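Engineer: the sequence and its predicted three-dimensional model are supplied below.
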Amino acid sequence: MNSLTEILDNIGENELPAALCVVVSVQGSVPRRQGAKMIVKSDGSIKGTIGGGNLERQVIKDALKVLELNEPKLFRHDLLHQHQMCCGGSVQIYIEPILQKNRIYIFGAGHTGKALAEFSVMLNFDTVVIDDRKEYLDEISNEKINKMNVPFSECINFLPFNQNTFIVIMTYSHQTDRDLLFACIRKSHAYLGMIGSKRKVEITKKMLRETGHSEDLINKIDMPMGLDIGAETPTEIALSIMAKIIRLRNQTGRISSASSGDYPEVKPKSA
């Protein structure tokens, strides 16, 4: 596995964070040459190899530490003195954490949802628009936007969620929005937001309190969504939401690095 593209593509096969390890320089006799690459996942499993033996065991330990600290680092290894490897040369290995691509679920394919999907694709999010109205999804022509024509009540059961998942709720029904919010609130996510007026938000917060949700958890929900820029049109509202999401993404360091695409394929219903 020498292709960087191949290595990054493999990150998307699972939901585990991973680190990329690259042999950047060598001296003397070494098991792999400059450019050799290996992926180390957070469970300690690997793809590829940088040479095996004691060197590789130590690199796996180093990679797990890099993932824990979320900071890249360059390591130098003297194979004979540090690892008792008789080849006797030295290598420098650069290890960098790689986060999975940020994914955004947009529940609702109305005007604002479609505008938000276009923005999110431009900003390198793995974008999924979900709606039970096929005719609305059919109006989305951008091939980079993934579309799911399924009942809202069913999709929560099979959609994957992790710490890089951004959830935006903006369907055509207040009750559906609340049902989705209640279903998503305890799912792993980076962002959870719901569109709505001040009254809708206050009623929703009251319902959350009455069902035992903590104030801290409620306050983490972005509702009404977006930055206050005086937005009025669907495009302006979508822009305000995207701005809020980008601010959060950049503050938390959830920068897209690899393609994913492991959500289940759902074929549209017949019209």
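Structural biologist: Received it, and whenever you're ready, just let me know what you need. Numbering: from 1, shown residues only.

Engineer: tally of neighbours for Ser188?
Structural biologist: 12 (other C-beta atoms under 10 Å). For glycine as for every other residue, the C-beta is placed from the backbone atoms N, C-alpha and C.

Engineer: surely it is in contact with Pro160?
Structural biologist: No: the pair Ser188 and Pro160 fails to qualify as a contact (C-beta atoms under 8 Å) at a distance of 9.3 Å.

Engineer: quick one: the strands in the stretch 51-200 of the chain, in order.
Structural biologist: 73-78, 90-98, 103-107, 126-131, 146-149, 165-169, 191-194 (DSSP state E, counting those that start in this stretch).

Engineer: which residue ranges make up the domains of this structure?
Structural biologist: Following automatic domain parsing, one finds the domains of the chain at 4-98, 103-252.

Engineer: can I get those in JSON lines with mean pLDDT?
Structural biologist: What follows is the domains of the chain, written out as JSON lines (pLDDT from 0 to 100):
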{"stretch": "domain 4-98", "mean pLDDT": "79"}
{"stretch": "domain 103-252", "mean pLDDT": "93"}
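
Engineer: how about a markdown table for the strands of the stretch 51-200 of the chain, with mean neighbour count and distance to Leu67 added?
Structural biologist: A markdown table is the format used below for those (neighbours: other C-beta atoms under 10 Å; distance: least, C-beta to C-beta, whole Å):
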| stretch | mean neighbour count | distance to Leu67 |
| --- | --- | --- |
| strand 73-78 | 15 | 11 |
| strand 90-98 | 20 | 5 |
| strand 103-107 | 26 | 20 |
| strand 126-131 | 25 | 21 |
| strand 146-149 | 21 | 28 |
| strand 165-169 | 26 | 19 |
| strand 191-194 | 22 | 22 |
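
Engineer: out of the ones you listed, nearest to Val30?
Structural biologist: Using C-beta to C-beta as the measure, strand 90-98 is the one of the strands of the stretch 51-200 of the chain that comes nearest Val30, at 5.3 Å.

Engineer: ok, residues contacting stretch 91-98?
Structural biologist: Counting contacts by C-beta atoms under 8 Å, 6 or more residues apart in numbering, the residues outside stretch 91-98 that touch it are 8, 11, 17-27, 30, 32, 39-40, 50-51, 55, 59, 62-63, 66-67, 70-77, 79, 257-258.

Engineer: ok, longest helix in the chain?
Structural biologist: Criterion DSSP state H: the longest helix present in the chain is helix 234-252.

Engineer: flag every buried residue along it.
Structural biologist: In terms of neighbour count (16 or more other C-beta atoms under 10 Å), helix 234-252 has its buried residues at Pro234, Thr235, Ile237, Ala238, Leu239, Ser240, Ile241, Met242, Lys244, Ile245, Arg249.
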